[in-house]
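1. build me a model from this:
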Amino acid sequence: MGFLLWILAVILVVFGVVQLIQGQILLGVVCIVVGLAVGPGGWSIFNSRKSRA
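-> Next up, the predicted model:
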């Protein structure tokens, strides 16, 4: 599951960078933020909100 999330995050971030280069600022930024949210490392929307002890 983590590998699939990583692949999806990479695709979204690359797509976002391409959109930024083409001048689509809003779509590019949204794709990059969603890619960072979906990725398994760092901040992820799929992590539980419980405190880690």
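2. burial measure for V18, as a count.
-> Counted by other CB atoms under 10 Å, the residues lying close to V18 total 13. For the C-beta atoms, the positions are set from N, CA and C on the backbone; glycine is no exception.
3. residues in contact with it?
-> Taking CB atoms under 8 Å, 6 or more residues apart in numbering as the definition of contact, the neighbours of V18 are G28.
4. use 2 as the first number from now on
-> From this message on, residue numbering opens at 2, which makes the last subject V19.
5. what helix or strand does it sit in?
-> helix 3-23 (DSSP states H and E).
6. next, count neighbours for G40.
-> Residues lying near G40 (other CB under 10 Å) number 21.
7. distance of it from G24?
-> Shown here: G40 relative to G24, a distance of 25 Å by CB to CB, to the nearest Å.
8. equivalent analysis for M2, please.
-> 35 Å.
9. W7 contacts G40, doesn't it?
-> Yes - with contacts counted by CB atoms under 8 Å, W7 reaches G40, the gap being 6.3 Å.
10. could you measure from the residue nearest to the spatial centre of the chain over to V30?
-> In the chain, the C-alpha closest to the average C-alpha coordinate belongs to G36, at a distance of 1.1 Å (CA atoms, centre = their mean). G36 sits 11 Å away from V30, taking CB to CB as the criterion.
11. got the buried residues for the helix or strand harbouring A38?
-> Secondary-structure element containing A38, defined by DSSP H and E: helix 26-39. Judged by neighbour count using 16 or more other CB atoms under 10 Å, the buried positions of helix 26-39 are 29, 32-33, 35-37, 39.
12. average pLDDT across it?
-> Averaging the model's pLDDT scores along helix 26-39 yields 91.
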